[in-house]
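> Predicted model and sequence follow; I will ask about them next.
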Amino acid sequence: MTSSANVPGAPAGRVRWTMIWLAFGAVTINYLDRANLGVALPYMTEDLDLSKTSTGLLMGAFFWTYAAFLPGAGWLVDRFGPRRMMAFAVAAWSIATMLVGAATGFLVLLLLRLLLGAVESPAYPSSSKIVSRWFPARERAMAASIFDSGGRAGTAFALPVVAAVIAVLGWRGSFVAAGVLGLLYSAVWLKFYRDPETHPGLTRQEHDYIRDGGSAVEGSGAEPMPWLHLFRYRTVWGMLLGFFCLSFVLYFFITWFPSYLVDERGFDLLKLGFLGMLPALLAIPAQWFGGWLQIRLVTNGRSVTYARKVPLVSGLVLSSVIVFAGVVESAALALALLALSQSALCFAASSLWALPADIAPAPGNVASLAGIQGLASNAAGFVSPLVVGMLLDGFGGSYVVPLAVAGGMALLGALIYGLMIRSFAPLGTAGGTTTPARPAPDTSPA
């Protein structure tokens, strides 16, 4: 576990790391609940007589509402704070998950998937807000990489864990069990999470270290910028487009990757269950390494912009090796290339959820920017599998062209982060990427 002991120049004190590991737990449960449907579908299809078209709609429906609600969820987190909004989100998505276990047909399932997407939307903006409140600028990427890696952990362990629960309790029982886990965690969250100003265990030394390092303090400094004004900045558009490109590739691993292993490489169920976990598991330490590297770079005098761009650009360039997985003959080599690609993506992603705090013009804009950024990511969540499916149909089921397109998107993302965004600094200040996207907008606070 990361602690102040291995962060250069940090004081004795670990409360801030406890807070971010709480967020990691929430995100892990979030992804476990998302993936429950995919694991249970073979059993649900038989019991509820679902067609392939129906199952496709159910898988995609989550992203419709999740993406649509993210910007508003970010605003709510800025308004009510991460403690209340995360507790609400975990409890609400847990109840929605449990209700899936009682579903009797397609229409009910569709409505519940739409509900699940909506109520999960505050999770990432809340976590990003925690990073901004609890961590100085040089540690933000490490903290962000920890909570975001919960997505990899939840995805990796969903297949064996949910499958084991289904074997004991049936598919309906798996949703109930996942929901109960979430409700218990919501209670844990309310008991242990506090903001720095109200946490009884935070020492004055650690408090000052956090504040002096540039953490966001609500009610201090500039007033929040009007929500729509955030879209006037090239930095914001660069973050949107870059995150879309990165997520386009990442969602291949979340959606089509198991089918690729079975259809293209002939993996049986046993190999799929164990070897298919490897890319996601290897991606977790890769993401943590990206966060650690950024601490080292900033500590050694590099700018925040330089520290963020190193993993973003190099990770996306390296992830383009996904192209070669479609043409090599060896299944083992293809799996190794895919593992390298996903690890490189997550190395790049170590910067992503630190960026809202880096560029926010005021503390009250952090979660809003996280929600806006998340909108682009989840737009890729339903565009990427659709494009891959169309390319598979168009090229006779071959993955060569879809993987080539994914590699191209990775390189495009590297160009966007490297060239379109000049610096990561608060919007409205002097510095390249804070230049408005159109001439002379009103950047005064509301």
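Nice, I can see it. Numbering: from 1, shown residues only.
> contacting residues around Trp288?
Counting by CB atoms under 8 Å, 6 or more residues apart in numbering, Trp288 makes contact with 2, 142, 145-146, 149, 350. Heads up, the C-betas are built off the backbone N, CA and C, glycines and all.
> If you rank the residues you listed by neighbours, which is first?
Counting neighbours by other CB atoms under 10 Å, the top entry in the contacts of Trp288 is Ser145, with 32 neighbours.
> Name the nearest residue to that residue, sequence neighbours excluded.
Gly291 (3.4 Å; CB to CB, 6 or more residues apart in numbering).
> Then Ser350?
Nearest one to Ser350, counting by CB to CB, 6+ apart, is Gly290 at 2.8 Å.
> Quickly find the element holding the one you found.
helix 278-299 (DSSP states H and E).
> Which pLDDT does the model give Ile446?
Slight slip there: residue 446 is Ala, not Ile. At Ala446, the model reports a pLDDT of 30.
> again, but for Asp212
Listed pLDDT for Asp212 reads 79.
> From Leu355, how far out is it?
21 Å (CB to CB, to the nearest Å).
> one step back: wait, the residue nearest to Ser145 touches Ile146, no?
Yes. Under the criterion of CB atoms under 8 Å, Gly291 makes contact with Ile146 at 6.9 Å.
> The helix or strand containing Ala380: what's the following helix or strand?
Using DSSP H and E, Ala380 sits within helix 366-394. Using DSSP H and E, the helix or strand that follows helix 366-394 in sequence is helix 400-415.
> Show residues contacting that next one.
Residues outside helix 400-415 that contact it (CB under 8 Å, 6+ apart): 241-242, 244-246, 248-249, 252, 256, 312-314, 316-317, 319-323, 325-327, 341, 345, 348, 387-388, 391-392, 394-395.
> Output the longest helix belonging to this protein.
As assigned by DSSP state H, the longest helix anywhere in the chain is helix 140-192.
> now the angle between helix 278-299 and it, please.
110 degrees (axes from the mean of the first three to the mean of the last three CA atoms, to 10 degrees).
> Which is the succeeding secondary structure element to helix 140-192?
Downstream of helix 140-192 (by DSSP H and E), the next one is helix 204-212.
> From the contact counts, what lies against that next one?
helix 15-48 (3 or more CB pairs under 8 Å, 6 or more residues apart in numbering; DSSP states H and E).
> How far off centre is the helix it packs on?
With CA atoms, centre = their mean, to the nearest Å as the basis, helix 15-48 stands 13 Å off its chain's centre.
> One more: stretch 104-123?
On CA atoms, centre = their mean, the centre of stretch 104-123 falls 19 Å from that of its chain.
> try stretch 317-336
The answer for stretch 317-336 is 24 Å, by CA atoms, centre = their mean.
> got a list of contacts for it?
Taking CB under 8 Å, 6+ apart as the rule, stretch 317-336 contacts 249, 252, 261, 264-267, 275, 278-279, 337-338, 340-342, 344-345, 347-348, 398-404, 406-408, 410-411, 414.
> circling back: rebuild the contacts of Trp288 as a markdown table, extending it with distance to Leu375 and pLDDT.
Conversion of these to a markdown table gives the following (distance: CB to CB, whole Å; pLDDT from 0 to 100):
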| residue | distance to Leu375 | pLDDT |
| --- | --- | --- |
| Thr2 | 29 | 44 |
| Met142 | 25 | 91 |
| Ser145 | 21 | 91 |
| Ile146 | 23 | 93 |
| Ser149 | 21 | 89 |
| Ser350 | 21 | 91 |
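> Quick check: Phe88 vs Arg172, distance?
In terms of CB to CB, Phe88 sits 25 Å off from Arg172.
> ok, back up a step: quick one, the longest helix of the chain and helix 15-48 angle?
80 degrees.
> How far off centre is helix 140-192?
Using CA atoms, centre = their mean, the offset of helix 140-192 from its chain centre is 15 Å.
> next one: stretch 367-374
Centre-to-centre, stretch 367-374 and its host chain are 11 Å apart (CA atoms, centre = their mean).
> Pick out whichever of Asp212 and Leu355 has more residues nearby.
For Asp212 and Leu355, the more surrounded residue by other CB under 10 Å is Leu355, and the numbers stand at 28 against 9.
> per-residue pLDDT, that one?
Reported pLDDT for Leu355: 92.
> The one 5 residues further on too?
According to the prediction, Ala360 has pLDDT 90.
> which one is it nearest to, not counting chain neighbours?
Closest to Ala360 by CB to CB, 6+ apart is Val366, at 4.5 Å.
> Count the neighbours of the one you found for me.
29.
> do the same with Trp237
Neighbours of Trp237 (other CB under 10 Å): 17.
> for Thr198, same thing?
8.
> can you offset everything so residue one is 57?
Sure, I'll start numbering at 57, so the last one becomes Thr254.
> gap between it and Tyr122?
30 Å.
> ends of stretch 97-110, how far apart?
One end of stretch 97-110 to the other measures 11 Å (CA to CA, to the nearest Å).
> So which bits of that stretch are buried?
97, 100, 104, 106, 110 (16 or more other CB atoms under 10 Å).
> With pLDDT as added columns, please give the residues you listed in JSON lines.
Converted to JSON lines, these look like this (pLDDT from 0 to 100):
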{"residue": "Leu97", "pLDDT": "75"}
{"residue": "Met100", "pLDDT": "83"}
{"residue": "Leu104", "pLDDT": "86"}
{"residue": "Leu106", "pLDDT": "76"}
{"residue": "Ser110", "pLDDT": "74"}
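> Export those residues as CSV, with columns for distance to Gly357.
Output for those, formatted as CSV (distance: CB to CB, whole Å):
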residue, distance to Gly357
Leu97, 52
Met100, 55
Leu104, 60
Leu106, 58
Ser110, 57
